[in-house]
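Trainee: Next input, structure requested:
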Amino acid sequence: MLEIASKVIEEYSSKFESLPVLIYSPGRVNLIGEHTDYNDGFVLPAAIDKVIVVAIAKNNLNMIRACAVDMEEYQEVDLSKELNSKPGEWISYVKGVVSELQKKGYEPGGFDIAFGGDIPIGAGLSSSAALEGGLLKGLDTLFDLGLDGELMAKIGQLTEHNHVGVRCGIMDQFINIHGKDKYVLRLDCRTLEYEYFPFDRKDIRIVLCNSKVSHNLASSEYNVRRAQCEEGVQIIKEHNPFVENLRDVSLDLLYAHQREMDEVVFKRCKYVIEENQRVIDACLDLEKDDLVRFGLRMQESHKGLSEDYEVSCAELDTLVDIAKDLPGVLGCRMMGGGFGGCTINLVEKKHLDSFKDTVEAEYLEKTGIQTEIYITKLGDGVRVV
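Mentor: This next block holds a predicted model:
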């Protein structure tokens, strides 16, 4: 992190004269509970030691002057004009956060910002939420806005919805704010109630294998999956008015209305209901320190994501197939929105080297792609350094 921070500070100092506030804003992993957050379900994420470092200070110019260090790009935004965003541009995250703050009645002034990090872009580790969280923490610190963690997470989510074009749930932003070293967090995405569960096994590592592919489907198909789940809910709701989301639907109730649904819609709903239960059961496994059973639930999760929710891809399935039977692997599955990105693996420390060598060699042989493997540690949420 120190090397990243030095690079960001050096770039900041080359463009701006003020002394900035420095913020570490983490990426995240999600151990289990994928595509459940926007269905008012449960998720089990954790903040990790890969971060975006944000250097930020007031400039008293009523302008945003922003430097994306890793992309070697610089942009200026006049705050007296409307903050129009274009999906796909990194500055849209910055403008989006400020715009959503303004809608809530907050008026941050002009600021200078430089940011960079070691969260791989497109790997499913939520670099976008890290940027949103780091910026929000910085603006709250500089302008004394009085933002609480829940509001910061919601503003980050609204930035994605209204300025990036992704109708995501709130998990990524929430864990960025509320992460706690050596713990995973179970979040109830309906109530935003949360509970920490210990994850501090010295003999187990969380290992991420990057498929190094992006099929450019994640954003569009994400919205399609959300619409399919909503379609299933509406069919059930016609007979059961108490149903607001898939959170309220049992498997028995779903099967009772199966014939009224398109087959694909039924499969999508079935996966979400089963995945919610897996999160609850997985937390019981953690309380018992039973990572063997926990790992088996990860395997079940991947099967559902691949076959029922259909958000995996050949490369992700290949990584899981290679890893699942290797010595020391307790569990593995795809992680994130899908169609590329990373798999997450629980691997015994003593088998890390052989795991890495085997996955790299076999994945290259089967796909022609050189994977990247990251061994991560759990860490704290966004913080001023």
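Trainee: So which elements touch the lengthiest helix in the chain?
Mentor: Determined from DSSP state H, the single longest helix within the chain is helix 263-287. On a contact count with 3 or more C-beta pairs under 8 Å, 6 or more residues apart in numbering; DSSP states H and E, helix 263-287 meets strand 21-32, strand 42-58, strand 183-188, strand 194-198, helix 218-237, helix 251-256, helix 291-307. Where C-beta positions appear, they are placed from N, C-alpha and C, glycine not excepted.
Trainee: hey, C-alpha coordinates of the second one in PDB?
Mentor: What follows is strand 42-58 as a C-alpha-only set of coordinates in PDB (Å, rounded to 0.1, in the frame of the first residue of the first chain):
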ATOM      1  CA  PHE A  42     -28.400 -11.900   2.200                       C
ATOM      2  CA  VAL A  43     -24.700 -11.600   1.200                       C
ATOM      3  CA  LEU A  44     -21.500 -12.400   3.000                       C
ATOM      4  CA  PRO A  45     -18.700 -10.100   1.800                       C
ATOM      5  CA  ALA A  46     -15.400  -8.900   3.300                       C
ATOM      6  CA  ALA A  47     -13.100  -6.000   2.700                       C
ATOM      7  CA  ILE A  48      -9.600  -7.000   1.500                       C
ATOM      8  CA  ASP A  49      -6.100  -5.600   1.500                       C
ATOM      9  CA  LYS A  50      -6.300  -4.400  -2.200                       C
ATOM     10  CA  VAL A  51      -7.200  -0.700  -2.200                       C
ATOM     11  CA  ILE A  52      -7.700   2.500  -4.100                       C
ATOM     12  CA  VAL A  53      -5.700   5.300  -2.500                       C
ATOM     13  CA  VAL A  54      -7.300   8.700  -2.700                       C
ATOM     14  CA  ALA A  55      -5.500  12.000  -2.200                       C
ATOM     15  CA  ILE A  56      -8.000  14.900  -1.900                       C
ATOM     16  CA  ALA A  57      -8.100  18.600  -0.800                       C
ATOM     17  CA  LYS A  58     -10.200  21.700  -1.100                       C
END
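Trainee: continuing past that strand, what's the next helix or strand?
Mentor: Beyond strand 42-58 on the C-terminal side, the first helix or strand identified by DSSP states H and E is strand 63-68.
Trainee: ok, and what's touching the helix or strand just after that following strand?
Mentor: As assigned by DSSP H and E, the chain's next helix or strand after strand 63-68 is strand 73-78. Under the criterion C-beta atoms under 8 Å, 6 or more residues apart in numbering, residues 15, 62-68, 83, 90-91, 94-95 lie in contact with strand 73-78.
Trainee: for the record, mean pLDDT for strand 73-78?
Mentor: The predicted model assigns strand 73-78 a mean pLDDT of 96.
Trainee: So for it, what gets flagged as buried?
Mentor: residue 77 (16 or more other C-beta atoms under 10 Å).
Trainee: I figured residue 34 was touching residue 300, is that so?
Mentor: No - using C-beta atoms under 8 Å, residue 34 is not in contact with residue 300, being 11.7 Å away.
Trainee: How about the contacts made by residue 284?
Mentor: Not one residue lies near residue 284 by C-beta under 8 Å, 6+ apart.
Trainee: what's the distance between it and residue 277?
Mentor: 11 Å (C-beta to C-beta, to the nearest Å).
Trainee: Between the helices and strands packed on helix 263-287, which one is closest to residue 211.
Mentor: helix 218-237 (12.1 Å; C-beta to C-beta).
Trainee: chain center to the closest one: distance?
Mentor: How far helix 218-237 lies from its chain's middle: 19 Å, per C-alpha atoms, centre = their mean, to the nearest Å.
Trainee: Same check on stretch 30-48?
Mentor: Counting by C-alpha atoms, centre = their mean, stretch 30-48 comes out at 8 Å from the chain centroid.
Trainee: Would you single out the least confident of the helices and strands packed on helix 263-287?
Mentor: helix 218-237 (a mean of 90).
Trainee: Show me which parts of that one are buried, residue by residue.
Mentor: Quick answer for helix 218-237 (16+ other C-beta under 10 Å): 218-219, 221-222, 225-226, 228-230, 232-233, 235-237.
Trainee: By mean pLDDT, flag the weakest helix or strand of the chain.
Mentor: For the chain, the helix or strand with the lowest mean confidence is helix 218-237, at a mean of 90 (criterion: mean pLDDT, DSSP states H and E).
Trainee: Now do it against helix 263-287, angle only.
Mentor: Per axes from the mean of the first three to the mean of the last three C-alpha atoms, to 10 degrees, the angle that helix 218-237 makes with helix 263-287 is 100 degrees.
Trainee: Residue 199: what's it in contact with?
Mentor: Contacts of residue 199 by C-beta under 8 Å, 6+ apart are 31, 46, 182, 183, 184, 286, 378.
Trainee: Next one: residue 169 relative to residue 118, how far apart?
Mentor: According to C-beta to C-beta, residue 169 and residue 118 sit 25 Å apart.
Trainee: got it, and residue 262?
Mentor: 43 Å.
Trainee: And for residue 349?
Mentor: 22 Å.
Trainee: Help me confirm that residue 99 comes into contact with residue 85.
Mentor: Yes - here residue 99 reaches residue 85: they are 7.4 Å apart, a contact under C-beta under 8 Å.
Trainee: Now list whatever residues contact both of these two.
Mentor: Common contacts of residue 99 and residue 85 (C-beta under 8 Å, 6+ apart): 162, 163.
Trainee: Skipping adjacent residues, who's closest to residue 136 in space?
Mentor: Of all residues not flanking residue 136 in the chain, residue 152 sits nearest, at 4.6 Å (C-beta to C-beta, 6 or more residues apart in numbering).
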